[in-house]
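1. need the 3D shape of this:
(one chain, ligands or ions: 1)
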Amino acid sequence: MDEKNITKVLVSEEEIRETVARLGAEITATYQGLERELMVIGLLRGSFIFMADLVRRIKVPLVVDFMTVSSYGDGTVSSGDVKVVMDLDSSIEDRDVLLVEDIVDTGRTFAKVIRMMRNRNPRSLRVCTFLNKPEARVVDIPLDFCGVHIPNEFAVGYGLDYAQGYRHLPYVGVLQPD
Ligand code: PRP
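-> Have a look, this model is predicted:
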């Protein structure tokens with residue numbers, strides 16, 4: 001589990017900074033003049049680094065909450081079986097909610113979480129992803145805020161894992177497992 005298995009850099013640290021700044025500005029513009037704080041909800045574990053960077057670029061009052069869902073287990077192929085491992089702490093009823101993901105791949109995870117969230121009657125619900133892999137899409141997802149399109153390769157780093165490793169890489173790279 002080390003960087004020798006990274007065959008190429010997909011999103012550099014500089015591109016990450018620029019992308020997060022752009023998304024923060026778009027989100028700030030969208031949510032001007034809210035009556036209550038924006039609720040920014042990160043899907044763990046993958047989104048934790050992106051969330052931390054993103055919220056510091058959003059210039060409207062906000063609160064954060066997290067939900068842990070799991071779809072991949074420790075493999076590289078999506079099983080389509082999405083589990084809620086840890087639910088939100090707070091109610092989203094009648095709140096403006098922004099869901100934050102590190103990557104939308106097949107779309108199954110986000111589709112299921114969006115459906116669940118809508119059933120809780122938020123005032124508004126928008127979604128933001130740092131990475132988007134359109135070629136891998138199985139379920140169509142409307143993305144309100146979208147960072148970088150990447151090819152259909154196995155990406156790790158900046159929160160994304162392989163067997164729970166590599167999340168701490170400060171860039172996104174392609175992994176060639178041993
Ligand atoms: C990853 C990622 C997304 C999901 C995307 O989560 O964080 O939630 O897969 O794939 P999909 O669009 O094909 O559903 P994972 O279940 O690996 O957990 P993690 O967030 O702990 O990395």
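2. pick out the residue nearest the middle of this structure.
-> residue 101 (1.2 Å; C-alpha atoms, centre = their mean).
3. can you tell me the SS state at it?
-> strand (DSSP: H, G, I helix; E, B strand; the rest coil).
4. pull the contacting residues for it.
-> Neighbour list for residue 101: 43, 46-47, 109-110, 127-130 [criterion: C-beta atoms under 8 Å, 6 or more residues apart in numbering]. Every residue, glycine included, has its C-beta placed from N, CA and C.
5. now do residue 20
-> Taking C-beta under 8 Å, 6+ apart, one finds 50, 53-54, 57, 130, 147 in contact with residue 20.
6. beyond the helix or strand containing it, next helix or strand please.
-> If you go by DSSP states H and E, residue 20 is part of helix 13-30. Next along the chain after helix 13-30, taking DSSP H and E as the criterion, comes strand 38-44.
7. how about the helix or strand that comes right after that following strand: buried residues?
-> Moving toward the C-terminus from strand 38-44, the first helix or strand encountered (DSSP H and E) is helix 48-55. Across helix 48-55, burial judged by 16 or more other C-beta atoms under 10 Å covers 49-51, 53-55.
8. from these, pick the one nearest the ligand.
-> The closest of the buried residues of helix 48-55 to the ligand turns out to be residue 50 (C-beta to the nearest ligand atom; 9.8 Å).
9. the closest one against residue 167, yeah?
-> No: using C-beta atoms under 8 Å, residue 50 is not in contact with residue 167; the gap is 11.0 Å.
10. joint contacts of these two?
-> 158-159.
11. could I get the contacts of residue 20 as a markdown table with pLDDT and distance to the ligand?
-> Compiled in a markdown table, the contacts of residue 20 are given as follows (pLDDT from 0 to 100; distance: C-beta to the nearest ligand atom, whole Å):
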| residue | pLDDT | distance to the ligand |
| --- | --- | --- |
| 50 | 98 | 10 |
| 53 | 98 | 16 |
| 54 | 98 | 15 |
| 57 | 98 | 20 |
| 130 | 98 | 10 |
| 147 | 98 | 13 |
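12. which residue sits closest to residue 44, ignoring its sequence neighbours?
-> residue 68 (4.3 Å; C-beta to C-beta, 6 or more residues apart in numbering).
13. quickly list what the one you found is bridged to.
-> residue 44, residue 86 (DSSP bridges).
14. residue numbers of this structure in contact with the ligand?
-> Residues of the chain lying close to the ligand by C-beta under 6 Å from any ligand atom are 43-46, 70-72, 78, 101-110, 161.
15. now tell me which helix or strand of the protein has the poorest mean pLDDT.
-> Ranked by mean pLDDT, DSSP states H and E, the weakest helix or strand in the chain is strand 83-86, scoring a mean of 88.
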